[in-house]
Structures are given as structure tokens and as C-alpha cells.
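In: Provide a 3D model corresponding to the input given below.
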Amino acid sequence: MSNPVMNLDGSITTPEPSPLPESVIQKIYDLSYRFMDYPDDIAELGIAHYRALADDDA
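Out: Sure, this is the predicted structure:
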């Protein structure tokens, strides 16, 4: 992971700095921003899709 992961007690569970190469971290950031810029609301689409499937099962 490119960001530190915290335990419930506040201690860091991942090494600091990240053991990933800088090129990999940059690719993760680039893909993350591309996902966030996606024009559709993915969460809303997912809820609508899965809610319809759950309603059919009920």
C-alpha cells in the first residue's frame, strides 16, 4: 500500500516509507484520481443494480 495503515491503537502496521517503488506509487495515485474523476456515480450505480437483485430474491 502506498499509504500507512493504522492499528486501532494508533500504531502504524505498514513500513514507513512504503516499500513499493516510486513508479508503482505514482501509478496507484494516477489510477485513483482517474477513478475519482469518472463521470458516473459508481456507488449509486452499484446500489441500484444490487438492490434490484436483492428485491428479486425477497
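In: For the rest of this, base every contact and every neighbour count on C-alpha atoms.
Out: OK.
In: Now for Gln26: which residues touch it?
Out: Applying C-alpha atoms under 8 Å, 6 or more residues apart in numbering, we find Gln26 in contact with no residue.
In: shift numbering so it begins at 3
Out: Okay, using 3 as the starting number, the last item reads as Gln28.
In: Next, work out how far apart it and Phe37 are.
Out: Using C-alpha to C-alpha, to the nearest Å, Gln28 is found at 14 Å from Phe37.
In: Then Ser25?
Out: In terms of C-alpha to C-alpha, Ser25 sits 18 Å off from Phe37.
In: neighbour count winner among these two?
Out: Phe37 (12 against 9; other C-alpha atoms under 10 Å).
In: Is that one part of a helix or strand, or is it coil?
Out: helix (DSSP: H, G, I helix; E, B strand; the rest coil).
In: and what of the one 10 residues further on?
Out: Reduced to three states with three-state DSSP, the structure at Leu47 is helix.
In: Give the burial count for it, as a bare number.
Out: Residues near Leu47, counting by other C-alpha under 10 Å: 11.
In: Model confidence for it, exactly?
Out: Note for Leu47: predicted pLDDT of 84.
In: now swap in Asp58 and tell me
Out: Reported pLDDT for Asp58: 66.
In: For Ile27, grab the count of nearby residues.
Out: When neighbours are counted by other C-alpha under 10 Å, Ile27 comes out with 16.
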